[in-house]
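Asks: pasting the sequence and the predicted model now:
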Amino acid sequence: MPQSPARLRVLHLHSSFSAGGKELRAARLMTAFGPGIDHVVVSAQPGAYGAARAIGADIAVDYPADFPGLQGRPTPARLLRIARALKPFDLVLTYNWGAMDAVLAHRLFGRLLGLPPLVHHEDGFNEDEAGGLMPRRNWFRRIALGRASALVVPSQRLQAIALDAWHQPPQRTRLIINGIALAAYARKPAADALPGLVKHPDDRWVGTLAGLRAVKNLPRLVRAFAALPPHWQLVILGEGPERGAIVAQAAALGLANRVHLPGFVADPAGAVGLMDLFALSSDSEQFPISVVEAMAAALPVVSPAVGDVAAMVADSNRPFITAPGDEAALAAALAELAEDDGARTQIGADNRARALALYDEEAMIAAYRAVYAEAMGRATFP
């Protein structure tokens with residue numbers, strides 16, 4: 001009797017698997033690839049596994065507690081332990097700086113141990129590199145990525161950094177634009193779709209989706225929102241360690257009853273459409289999925305000009321993409337759009353049309369399939 005083909009085993013090593021953009025994209029891809037793969041997910045930050053809730057129920061995923069730690073001094077003995085832990089898999093996928101020690105372990109011991117192919121993903125920077133790249137990390141990446149089958153980036157800015165600062169070969173540097181299931185965002189959510197929060201007919205919402213991390217600088221968004229009229233509410237969807245700082249900033253400005261943090265939302269399509277205006281306040285972004293989600297829901301976007309945001313939105317939206325770090329300009333852009341219903345409607349329609357033309361998830365999923373198949377020397381993936 002012929003044997004069934006062995007199931008693929010894919011290892012995902014994340015800087016964090018909390019519910020942020022790259023993590024939710026990884027969860028979506030795992031679901032899209034179907035139930036024929038055994039996935040193992042490791043977070044460099046212990047316990048940071050919030051994105052697990054977004055993975056399809058029929059997908060086989062394990063979260064081992066005994067995988068070698070991804071953070072620490074890159075000593076040969078520690079890197080060898082990590083390298084040996086890569087051995088049982090068919091494909092290794094690493095994500096961001098927090099997994100770079102595993103990339104170096106693969107570089108140093110890959111041939112000796114016969115390790116599987118590795119594809120690295122870079123989606124942006126935390127607060128420690130938001131203001132500029134660290135030369136030491138540039139050198140580290142140049143060395144560590146030497147045996148990677150591919151480096152995947154979602155933005156033109158990161159592609160330029162990979163080629164110039166990290167000296168990556170063009171043939172191994174793959175730009176894959178983030179995409180989403182656009183059709184789901186055409187539906188208007190119910191007014192009570194969010195737990196513990198109801199949108200009343202006269203309410204208007206500034207909203208955002210973000211991991212509550214320092215690099216997102218959400219206290220800045222609270223301050224920029226503060227001057228809007230009382231019928232405007234600020235709704236921040238996400239979870240993370242900066243929740244207390246956001247709550248404290250709202251309280252300090254007397255906005256505790258107008259700033260809402262309902263937590264993580266597993267289905268953004270069931271919530272984003274409640275917003276009237278979408279805003280980011282980040283110190284660093286690349287190609288934020290949340291902006292694509294806002295565009296798909298026909299929302300105007302106010303944001304600093306970080307990463308590719310200005311290039312992502314429709315032409316009519318670009319005047320509301322402000323200089324990075326300019327809090328007064330961010331507040332002024334919010335105020336201008338809050339006062340102009342017609343502008344919000346027109347810009348939102350323009351954004352949705354652009355999203356439909358450029359950001360469908362099927363193209364993204366196909367591109368990732370192609371990169372992973374090529375790394376494994378296969379015609380298809382899985």
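Replies: Received it, and whenever you're ready, just let me know what you need. Residues are numbered from 1 along each chain as shown.

Asks: what's around residue 142, how many residues?
Replies: Neighbour count for residue 142, taken as other C-beta atoms under 10 Å: 13. The C-beta positions use only the backbone N, C-alpha and C, and glycine is treated the same way.

Asks: so where does it fall, helix or strand?
Replies: In this assignment (DSSP states H and E), residue 142 forms part of helix 135-144.

Asks: just how off-centre is the helix or strand following that helix within its chain?
Replies: Going down the chain from helix 135-144, the next helix or strand is strand 150-153, by DSSP H and E. In terms of C-alpha atoms, centre = their mean, to the nearest Å, the centre of strand 150-153 is found 15 Å from the chain centre.

Asks: same question for stretch 359-379.
Replies: Distance of stretch 359-379 from its chain centroid, counting by C-alpha atoms, centre = their mean, is 18 Å.

Asks: any idea of the mean pLDDT in that stretch?
Replies: Averaged over stretch 359-379, pLDDT sits at 97.

Asks: give the buried residues for that stretch.
Replies: For stretch 359-379, the neighbour count (16 or more other C-beta atoms under 10 Å) marks 359-361, 364-365, 367-369, 371-372, 374-376 as buried.

Asks: just the CA coordinates for the helix holding residue 142, please, in CSV.
Replies: Extracted in CSV, the C-alpha atoms of helix 135-144 (Å, rounded to 0.1, in the frame of the first residue of the first chain):
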residue,chain,number,x,y,z
PRO,A,135,25.3,50.4,12.3
ARG,A,136,26.0,47.4,14.5
ARG,A,137,22.7,45.8,13.5
ASN,A,138,23.3,46.6,9.9
TRP,A,139,26.6,44.6,10.1
PHE,A,140,24.9,41.8,12.0
ARG,A,141,22.2,41.5,9.3
ARG,A,142,24.7,41.6,6.5
ILE,A,143,26.6,38.6,8.0
ALA,A,144,23.6,36.6,9.3
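
Asks: just the helices in the protein please.
Replies: Ranges of helices within the chain are 21-32, 76-86, 100-113, 127-130, 135-144, 156-164, 218-225, 243-252, 289-296, 309-312, 327-338, 341-358, 361-376, based on DSSP state H.

Asks: which residue sits closest to residue 196, ignoring its sequence neighbours?
Replies: Of all residues not flanking residue 196 in the chain, residue 262 sits nearest, at 6.2 Å (C-beta to C-beta, 6 or more residues apart in numbering).

Asks: how about low-confidence regions in the stretch 1-150 of the chain?
Replies: Along the stretch 1-150 of the chain, the parts satisfying pLDDT under 70 run over 1-5.

Asks: burial of residue 292, as a residue count?
Replies: Neighbourhood size, residue 292 [other C-beta under 10 Å]: 27.

Asks: reformat the helices of the chain as CSV; add distance to residue 171.
Replies: Below are these laid out as CSV (distance: least, C-beta to C-beta, whole Å):
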stretch, distance to residue 171
helix 21-32, 23
helix 76-86, 24
helix 100-113, 18
helix 127-130, 26
helix 135-144, 16
helix 156-164, 11
helix 218-225, 39
helix 243-252, 43
helix 289-296, 27
helix 309-312, 24
helix 327-338, 39
helix 341-358, 24
helix 361-376, 11
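
Asks: how far away is residue 115 from residue 84?
Replies: For residue 115, the distance to residue 84 equals 9 Å [C-beta to C-beta, to the nearest Å].

Asks: compare those two (neighbour count), which wins?
Replies: Between residue 115 and residue 84, counted using other C-beta under 10 Å, the more crowded position is residue 115 (19 against 14).

Asks: residues contacting the more buried one?
Replies: Residues in contact with residue 115 (C-beta atoms under 8 Å, 6 or more residues apart in numbering) are 83, 86, 87, 92, 106, 109.

Asks: mind redoing it with 7 Å?
Replies: Residue 115 makes contacts with 83, 86, 87, 106, 109, as judged by C-beta atoms under 7 Å, 6 or more residues apart in numbering.

Asks: which one is residue 247 nearest to, not counting chain neighbours?
Replies: Sequence neighbours aside, residue 261 is the residue nearest to residue 247 in space, at 7.1 Å (criterion: C-beta to C-beta, 6+ apart).

Asks: typed the wrong thing, it's residue 17
Replies: Among residues not flanking residue 17 along the chain, residue 43 sits closest, at 4.2 Å (C-beta to C-beta, 6+ apart).

Asks: how far away is the one you found from residue 237?
Replies: From residue 43 over to residue 237 (counting by C-beta to C-beta), the distance is 21 Å.

Asks: highest neighbour count among the contacts of residue 115?
Replies: The most crowded member of those, judged by other C-beta under 10 Å, is residue 106 (28 neighbours).

Asks: who's in contact with that residue?
Replies: Applying C-beta under 7 Å, 6+ apart, we find residue 106 in contact with 83, 86, 92, 115, 118, 147.

Asks: and with 10 Å instead?
Replies: Shown here is residue 106, whose contacts under the criterion C-beta atoms under 10 Å, 6 or more residues apart in numbering are 13, 79, 82-83, 86, 92, 94, 113, 115-118, 120, 144-148.

Asks: now swap in residue 54 and tell me
Replies: By C-beta under 10 Å, 6+ apart, the neighbours of residue 54 are 19, 23-28, 30-31, 264-268.

Asks: just list what the helix holding residue 142 packs against, helices and strands only.
Replies: If you count contacts as 3 or more C-beta pairs under 10 Å, 6 or more residues apart in numbering; DSSP states H and E, helix 135-144 packs onto helix 100-113, strand 118-121, helix 127-130, helix 156-164.

Asks: and of those, who's closest to residue 216?
Replies: helix 127-130 (9.2 Å; C-beta to C-beta).

Asks: how far away from the center of its chain is the closest one?
Replies: Worked out by C-alpha atoms, centre = their mean, helix 127-130 lies 16 Å from the chain centre.

Asks: and if you look at stretch 90-106?
Replies: Per C-alpha atoms, centre = their mean, the centroid offset for stretch 90-106 relative to its chain is 17 Å.

Asks: fine, thanks again, bye for now.
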